[in-house]
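Novice: Pasting the sequence and the predicted model now:
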Amino acid sequence: MSDVHELRFSRQLYSGEAVDQAVKAFARFAAFDLEQTEDHWVVRMRPSDPNLARRLRGELGNHALGLTVQRGGAK
């Protein structure tokens, strides 16, 4: 099984709905677990191809940020 990679998205900067949508958009490339803390949306990712882990981290973050901006911010 692939290594787990954890990403933390500040709740002050990112919309939770945007993070959820970004995870769904990348579901074919990795398995995801989501958690909400007081300060962050936490995403644990297990890429189907370990060689894509670094790129997936960046693309997922960019996608979540873009969706957050479209929604008018973290709200």
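Specialist: That came through, no problem.

Novice: part of a strand, is Asp3?
Specialist: No. Looking at Asp3 with DSSP: H, G, I helix; E, B strand; the rest coil, it is coil, so not inside a strand.

Novice: where do the strands sit along the protein?
Specialist: 5-10, 30-36, 40-47 (DSSP state E).

Novice: Show me which positions of the shortest one end up buried.
Specialist: Residues of strand 5-10 classed as buried by neighbour count (16 or more other Cβ atoms under 10 Å): His5, Leu7, Phe9. C-beta here means a position set from N, CA and C on the backbone, and glycine is covered the same way.

Novice: swap in the longest one?
Specialist: By neighbour count with 16+ other Cβ under 10 Å, strand 40-47 contains the buried residues His40, Trp41, Val43, Met45, Pro47.

Novice: Which strands or helices does that strand pack on?
Specialist: If contacts are counted by 3 or more Cβ pairs under 8 Å, 6 or more residues apart in numbering; DSSP states H and E, strand 40-47 sits against strand 5-10, helix 16-25, strand 30-36, helix 53-70.

Novice: partners of the third one, with directions?
Specialist: Read it as strand 30-36. Sheet pairing of strand 30-36 (DSSP bridges) gives strand 40-47 (antiparallel).
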